[in-house]
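Colleague: Curious how this folds, go ahead:
(one chain, ligands or ions: 1)
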Amino acid sequence: MKIEIISIAKKERSTYDPLYKELTKMISRFTKVEDIELFSKDVTKAHTISSDASKEAYTRAFSPYMGSGFCVSLHPEGKIIDSFEFSKLLNDRMSVKFFIGGAYGLHEDFLQQSDAVISLSNLTMSHKIAKVVLLEQIYRGFSILSNHPYHK
Ligand SMILES: C[S@@+](CC[C@H](N)C(=O)[O-])C[C@H]1O[C@@H](n2cnc3c(N)ncnc32)[C@H](O)[C@@H]1O
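Modeller: I've put the predicted structure just below:
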């Protein structure tokens, strides 16, 4: 199985890097996670235009990654699920792709194309924090699926 986390984010050092590294290492006992950060000139330009233009640019950046695998979009107004439901997203799949939007979120059309749209809570988080929470839930999800004591 392969997991990809694809986000609209500048490739730069972050305070959260040690957490990403630690959680990715924990998950590696179950599967490999690839962290893909995208921030094209198209996105930079769209940010100077409008929220809609920005969301369209995010969709263009994501489009090469859509169409294969099980595509899960992260959206504050998505479906609130618990960790057991989250674990089912990972169960028996060859490829799962998680999409984290940019400053303006994700386009409605993109959300409709996704196989699932989930919320991590009613709180809106920065994309960097959303990735930390997502990684921890991926580890917890695999722990649930394999009856590992991490999830008590
Ligand atoms: C700064 S937020 C975007 C906020 C934007 N106003 C919106 O409504 O989506 C950047 C990204 O982080 C992710 N995110 C933030 N909070 C989230 C939450 N509570 N649940 C799921 N994803 C979240 C989403 O992918 C979002 O597109």
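Colleague: Only C-alpha atoms from now on, for both contacts and neighbour counts.
Modeller: Will do.
Colleague: Count the neighbours of Ile49 for me.
Modeller: 11 (other Cα atoms under 10 Å).
Colleague: Tell me the spacing between it and Leu123.
Modeller: 26 Å (Cα to Cα, to the nearest Å).
Colleague: longest strand of the protein?
Modeller: strand 70-80 (DSSP state E).
Colleague: For that one, give the mean pLDDT please.
Modeller: The predicted model gives strand 70-80 an average pLDDT of 98.
Colleague: how big is the angle separating the following helix or strand past that strand from strand 70-80?
Modeller: Per DSSP states H and E, the first helix or strand lying C-terminal to strand 70-80 is helix 83-90. Helix 83-90 and strand 70-80 are oriented at 160 degrees to each other (axes from the mean of the first three to the mean of the last three Cα atoms, to 10 degrees).
Colleague: Return the list of helices and strands in contact with helix 83-90.
Modeller: Other elements packing on helix 83-90 under the criterion 3 or more Cα pairs under 8 Å, 6 or more residues apart in numbering; DSSP states H and E are helix 127-145.
Colleague: so the helix it packs on versus helix 83-90, what angle?
Modeller: 90 degrees.
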